[in-house]
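Asker: no sequence on hand, only this structure:
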């Protein structure tokens, strides 16, 4: 379980420091209904990660993800594919990064956050967790690592819960600052938003490149062992 936990923590940390969801919740918290919508966004995020991870755990046993407590061949292929996708995505992001970080632009959909209903805020959290091209591969990789280790069901659920908790820290931090920080909270969150907006592309490019190489190594190891 310890070896799998190491993999899970790495993937969870990468999801947690993904700048776009952090920027999104900071913008949500700045709206008139920020307190309630911030909680809804976080709940949607948690459910999205949990649902995607649970799907992977459900697929693993009938698909024979573990053979004599060793990951099956298809798990190695899956990790290779995810690794290639992450490396390519990271290279693309790095190539497209602004030369001057101060010229970075946020996605256009963020401009409409202050007009979102609570239901749409919840759906946004769900989508950024489970459907986002940046976070979904990491969650799938974590689920595959857990499901292919041949662990009892209780340990698999515990590992998935740890993954979701760590992956949510990036949202819980600004939410906690907003709820407990008093008058200084808006200034603090504004500084966080500005930094994340300027360095979003570079941070994600580096993360995806490193994790993509790790997944490639894992996939090769599984297929050659």
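Answerer: In hand now; what should we look at? What you are looking at is a predicted structure, and each value in this text was computed from that prediction instead of being measured.
Asker: pLDDT (mean, whole number) over stretch 179-191?
Answerer: What stretch 179-191 shows for mean pLDDT is 83.
Asker: and the end-to-end length of it?
Answerer: End-to-end distance for stretch 179-191, by CA to CA, to the nearest Å: 17 Å.
Asker: with stretch 59-77 instead?
Answerer: By CA to CA, one end of stretch 59-77 lies 15 Å from the other end.
Asker: state the mean pLDDT of it.
Answerer: 67.
Asker: for residue 11, give its distance to residue 212.
Answerer: Residue 11 sits 12 Å away from residue 212 when distances are taken as CB to CB, to the nearest Å. For every residue, glycine as well, the C-beta is placed using N, CA and C.
Asker: which of those two has more neighbours?
Answerer: The neighbour count for residue 11 versus residue 212, taken as other CB atoms under 10 Å, is higher for residue 11 (25 against 22).
Asker: how about the contacts made by that one?
Answerer: For residue 11, the contacting residues are 138, 139, 141, 142, 145, 163, 167, 211, by CB atoms under 8 Å, 6 or more residues apart in numbering.
Asker: so the closest residue to the fifth one other than its chain neighbours, which of the three states?
Answerer: Nearest residue to residue 145, sequence neighbours excluded (CB to CB, 6 or more residues apart in numbering): residue 7, at 4.5 Å. Of the three states, residue 7 takes helix according to DSSP: H, G, I helix; E, B strand; the rest coil.
Asker: gap between residue 7 and residue 155?
Answerer: Using CB to CB, residue 7 is found at 14 Å from residue 155.
Asker: cool, residue 161 as well?
Answerer: Distance, residue 161 to residue 155, using CB to CB: 11 Å.
Asker: pop out the phi and psi values for the closest residue to residue 14 other than its chain neighbours.
Answerer: Once flanking residues are discounted, residue 14 sits nearest to residue 207: 5.0 Å by CB to CB, 6+ apart. Taking degrees, to the nearest 10, you get phi -60, psi -50 for the backbone angles of residue 207.
Asker: is it true that residue 207 touches residue 90?
Answerer: Yes: assessed by CB atoms under 8 Å, residue 207 is found in contact with residue 90 at 7.3 Å.
Asker: is it true that residue 147 touches residue 55?
Answerer: No: using CB under 8 Å, residue 147 is not in contact with residue 55, being 10.0 Å away.
Asker: out of those two, which sits in the busier spot?
Answerer: A direct count of neighbours by other CB under 10 Å for residue 147 and residue 55 places residue 147 higher, at 26 against 14.
Asker: correct me if wrong: residue 178 contacts residue 192.
Answerer: No: in this structure residue 178 lies outside contact range of residue 192 using CB under 8 Å: 10.8 Å.
Asker: of these two, which one has the most company?
Answerer: Legend: neighbour count by other CB under 10 Å for residue 178 and residue 192, higher for residue 178 (21 against 17).
Asker: other SSEs contacting the helix or strand harbouring that one?
Answerer: Assessed by DSSP states H and E, residue 178 sits inside helix 153-180. If contacts are counted by 3 or more CB pairs under 8 Å, 6 or more residues apart in numbering; DSSP states H and E, helix 153-180 sits against helix 2-16, helix 19-29, helix 34-59, helix 136-147, helix 185-224.
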